[in-house]
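Novice: Sequence first, predicted model second:
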Amino acid sequence: MGGGDRGEDRGGVRRARGGGCRVRARSDDRPRPRESRDAGRRDRRPGPPDEPPGTRVPEPAARRPPSVGPGPLRGPFFIRGGTSQGRMGPEEESGAPSDASVQAKVLAYWERTGVPGRAIADRPGAPEFWFTEGPMTANGAPHLGHLISRVLKDVELRYHRMRGERIVSSLGGWDCHGLPVELEIEKRHGLKSKKEIEAFGVERFCEECRSSVLEAAAQFTEMSRQLGFWLDYEHAYRTMDPGYIESVWWSLRTLFDRGLLEKGHYVLPYCPRCETPLSSHEVAQGYRETSDPSVTVRFPLVRDAPIARELLVWTTTPWTLPANLLVAARADVEYSVVREDDGRELLLASAALPRYFPHGANVVERLHGRALAGATYRPPFDTPGPAPGRYRVVLDDSVVTAEGTGFVHIAPSFGPEDQRIGAREGVGVFDPLDGRGVFTDVVPLVRGRPFKAADPVLLRDLADRGRLYRSETIRHVYPFCWRCDTALLYRAIDSWFVRTSRATDRLVRHNETVRWVPEHLRDGRFGNFLTEAKDWALSRNRFWGTPLPIWVCPDGHATCVGSFAELAERLGAPLPEPFDPHRVAVDRLALRCPTCGQPARREPYTIDAWYDSGSAPFAQYHHPFAPGPFSPERPLDFVAEGIDQTRGWYYSLLVIATLLFDRPAYRACLTNGHVLDESGRKMSKSKGNAIEPLSLLARFGADPVRWTFLSIDFTEPMRLGETTIQRSSARTLGTLLNVVAFHLEAAGTELPPPSAGRPAARGALDRWLLSRLEGTRADIEAGLSRYELGVAAAAVRSFVDDLSTWYLRRSRPRLRAESDAEDRRAARSTLSYALLGLARAIAPLVPFTSEWIVQEVGGSHFASPESSVHLSGWPGPLAERDPALEEGMREVRDLVEIGRELRQRAGVKSRVPLAELVVFDTLELGEEGTALLAAEINVRRIVRSTSADQSSYPESDWVVRDDGGVLRAALPRRPTEELRQDGLAREVARRLQQRRKELGLRYEETVSIDLSTTGELAEALAPRREDLARELLAEPLRLTDEPLGAGPDVATWEFEGLSFSARVRRRAG
RNA sequence: GGGCCCGUAGCUUAGCCUGGCUGGAGCGACCGUCUUAUAAGCGGUAGGUCGACGGUUCAAAUCCGUCCGGGCCCA
């Protein structure tokens, strides 16, 4: 869409392939041009582009960032029914995979097996979810704004697809027409004006526009591919296609017949460089602060009196003074006559006196505006020449005194109010500018000067003639062309209008039915805009756009053509084959006026490209000329774009739906804020702080980027940088990947089979995890159903946290070979089940990570498309919720925290066991809860006490947690001697484990250990030698009091005044 | 000049609609800690006029008003 890439460079990477012309008459069934077929076939090739078919992606290749930037044209990448090429070879050795390697692997799998095409395949008969992709401006390079709204759309579309719904439609879309594209071509050929374009050749110019669009589309498609944004790009709609244009014509004809499309001569914002008027919503995109003259000019009254009187008139546009025809005053405003030292008298509003005479003025008379009505004056320049009624003071209520002098200079060509007043007074118009905003011969003084450049010359002339009272410069906000950044001017011009002002109440009413996210937009920014809706200036004096299908005969009868068939009929001849309904081809066609029979010529306009994009819901189906699922009664269920589209696509969609079908355009509207850099500044190429989507995706992978957008509040302006992405993705996605990696490694070949189903979990920890899993699934479902994506993300974050820091932490021994077989199986199947369930529930959010988990934990290892999570349905309830259990576990975890605090206060490290923890008056923890608590804080037993009597726990022997007089728990200050020795053994074991790790030993590898120590430590170790050996997988573990001597495999440790040394050796074999 | 949004610890923020528990949490800092998944986890410490002022109320981060600051949009 047009609004997307304001301020971005348009110098996209140019690819050598020319744009094949796809244009043909609608009856034409010839195959597509070669180029797009080639592009398609390319991607049909199995495996990643750089690999021969069917080979495994080697590790190093997976670590390399996916290729971006200049490269071969990829073309549409979602090919339906792609072939499967067998499985990918064995899994990586060990350790958690990086996001980038996950992404590369999953992407290759999808493209090899055609999963995306199958996932988005049409499902006739299924419940429908109506959506339309806002057509992307096929121009310039994608930026972060494109990226984020595509993430939001993709999440919702995936969710609804998983629910079994039929997405109407899943087509991608390209906004092909309009100034952005034209500017690109102008730049490429150094064209400076419309005249030069005409000399260049309009047909050739349009042809270049067309191919430029096709080239730019490739970059956007690549971004979507890397992001995992699944739409049907192969059949993407394009606003320049003949069928699309015919649908737009049909809609314009409908409006024309209803009297809602009319020609007028009104003052409109006008870009002198582009030589075309702009619509108010385009102007809205281009305001910025600038410096302008602020001048006050003397307008001498023509009067029959000895004392000269002069009106003071203020303006910020001196260049409009040569077009002055009237001065407006207000009847009920009081004006003062101020006598100057030289005897001349000045008139200005009394309210303006402080601004002009801060130190007081010699006011000789006061009068009201009405007394001045009809007074004549000498104009600042005499260019327009005399005519009846000119150069008079007229009265108008639009005059204000908050700024200026209370006298308003009226140039009917150059302002909406001016035009109205001029028309009322019948003084005609006078426009001394040509189409480029350059003064013509009628003002010799500034002939040939662009309007702004005339200011200094005109001011100097006024000063020379003593007519300039005051000249200053002000900073104020002024509109500039949103595309070429030229200062706009307001001028009267012929234009075709869509009469939106006649539908204001319906626009407002329809908007009230929309679910806006964030909600405040409905009645706030967007709602306000609707209530002041002005007529939509539709026509553009340009080349590359949908031609306005209106022909006018010399008598002024206008004929609006609503289809190609009608055009042929009115032409009395078949249309040329192939027919390209763009300028030149269409301009050539002269109709016979149906009213008077005279030849009629087409109005030489194109239409606002925003009208094209607002027609997308029906025009993408070539409605009403081709059969399709579109229904005039049904609004879209969902659209999502950036906040800038409140004045862009959201608006044009609503206007067109209202005028054409008298219904809202969409039911829900998800809107994201702008992306700022890390210090809160706007991103722009010129500032060098812009982040390119493709490089971002290459560096971090799609899911970390997606996750970041979902985790921050995307409805407000977002600060975003690399650290933001690193942090938010490491925290949740990184943790999740590590949980999976741990599970896979610990389970090894004993990974539960994929068909295992819901485990019959008996243990509290397992049941707790499943209960939490189901709660999470339900929260995600609720969030996505209400378009509250942040709610879904928060639920995932909290679950992953619990999964990692509590379930896995407490289950590590169970998951390894250390526990009994049944418990081990229970833990593994529970974890597998939870990971697979979670993966399905987060598939819409992080499709790559989700797919990887399902493939690896599910055991299908990227073998077939059938196993893809994205072809599975949205999960129903995954387990029983058990609120009491969740609450009990909360209590256990609270007590763990308390226990740790008590340990810290007692100064006893966790690895030194203590005899007991006494807990008071808490929930029933159950046997398992008690065991978890005891294990986690390393006490031999938990004692539950109901007598909260502090005196039983003297401070000399106990540390006590006391919450405002209520005892929670008590812990002995010191271990018993035996426990202390246990602790010492732990110290030794911990250090030797560390040593094992340093030596790079795997868990199951056995070692031989010679351990030398004396005294207290030897005493502690001797009786615990067997346990120690088992734990360290040491065969043998030899204890000695002889020094071990030196050697590279001997290490010595000291702690708490004790020391030992050990020789740890890997056992051969 | 108008409209909308935002303002809570150095940073990111929850809580505000529907007033009441000691204003929670994450990052960062510091001290300590964890028998080997993690850029991790855990305990503790420091860090808050909840933008300012006024009002309503027994009670205000929360409701109302005014103002200040920032952002976006419009004129």
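Specialist: Alright, I've got the coordinates.
Novice: Which pLDDT does the model give the nearest residue to A:L653 once chain neighbours are set aside?
Specialist: Using C-beta to C-beta, 6 or more residues apart in numbering and skipping residues adjacent in sequence, the residue nearest A:L653 is A:A665, 4.0 Å away. For the C-beta atoms, the positions are set from N, CA and C on the backbone; glycine is no exception. With respect to pLDDT, A:A665 scores 95.
Novice: what's near enough to touch A:A665?
Specialist: A:510, A:617, A:635-636, A:639, A:650, A:653-654, A:656-658 (C-beta atoms under 8 Å, 6 or more residues apart in numbering).
Novice: which residues in the stretch 851-1000 of chain A form strands?
Specialist: In the stretch 851-1000 of chain A, strands defined by DSSP state E, counting those that start in this stretch lie at A:914-920, A:939-945, A:958-963, A:966-972, listed in chain order.
Novice: Is the nearest residue to A:F714 once chain neighbours are set aside bridged to anything, and to what?
Specialist: Of all residues not flanking A:F714 in the chain, A:N672 sits nearest, at 4.5 Å (C-beta to C-beta, 6+ apart). Note on A:N672: beta-bridge partners by DSSP bridges are A:G642.
Novice: Please read off the pLDDT at A:N672 from the model.
Specialist: The model's pLDDT for A:N672 equals 88.
Novice: Out of the contacts of A:A665, which is nearest to RNA strand B?
Specialist: A:Y650 (11.8 Å; C-beta to the nearest atom of the strand).
Novice: gap between the closest one and A:M136?
Specialist: From A:Y650 across to A:M136, the span is 15 Å (C-beta to C-beta, to the nearest Å).
Novice: same deal with A:M718?
Specialist: Taken as C-beta to C-beta, the span from A:M718 to A:M136 is 20 Å.
Novice: These two: who's more crowded?
Specialist: A:M136 (27 against 19; other C-beta atoms under 10 Å).
Novice: who are the neighbours in contact with the more buried one?
Specialist: A:1, A:4, A:142, A:146, A:172-175, A:217, A:220.
Novice: Identify all residues paired with it through a beta bridge.
Specialist: Applying DSSP bridges, one finds that A:M136 bridges with A:W174.
Novice: thinking again about what came up before, just the contacts of A:A665 now: which is nearest A:P456?
Specialist: Within these, the smallest distance to A:P456 is 42.3 Å, found for A:Y650 (C-beta to C-beta).
Novice: which strands and helices sit next to the helix or strand hosting that closest one?
Specialist: A:Y650 is part of helix A:649-661, with elements assigned from DSSP states H and E. Packing partners of helix A:649-661 (3 or more C-beta pairs under 8 Å, 6 or more residues apart in numbering; DSSP states H and E): helix A:242-257, helix A:504-512, helix A:525-531, helix A:609-614, helix A:616-619, strand A:636-642, strand A:666-672.
Novice: Tell me the residue of the stretch 651-800 of chain A that sits nearest RNA strand B?
Specialist: For the stretch 651-800 of chain A, C-beta to the nearest atom of the strand, closest residue to RNA strand B: A:N738, 3.5 Å.
Novice: That residue touches A:S804, doesn't it?
Specialist: Yes - A:N738 is within contact range of A:S804, at 7.3 Å (criterion: C-beta atoms under 8 Å).
Novice: circling back to that earlier point, isn't the residue nearest to A:F714 up against A:L152?
Specialist: Yes - between A:N672 and A:L152 there is a contact under C-beta under 8 Å: 6.3 Å.
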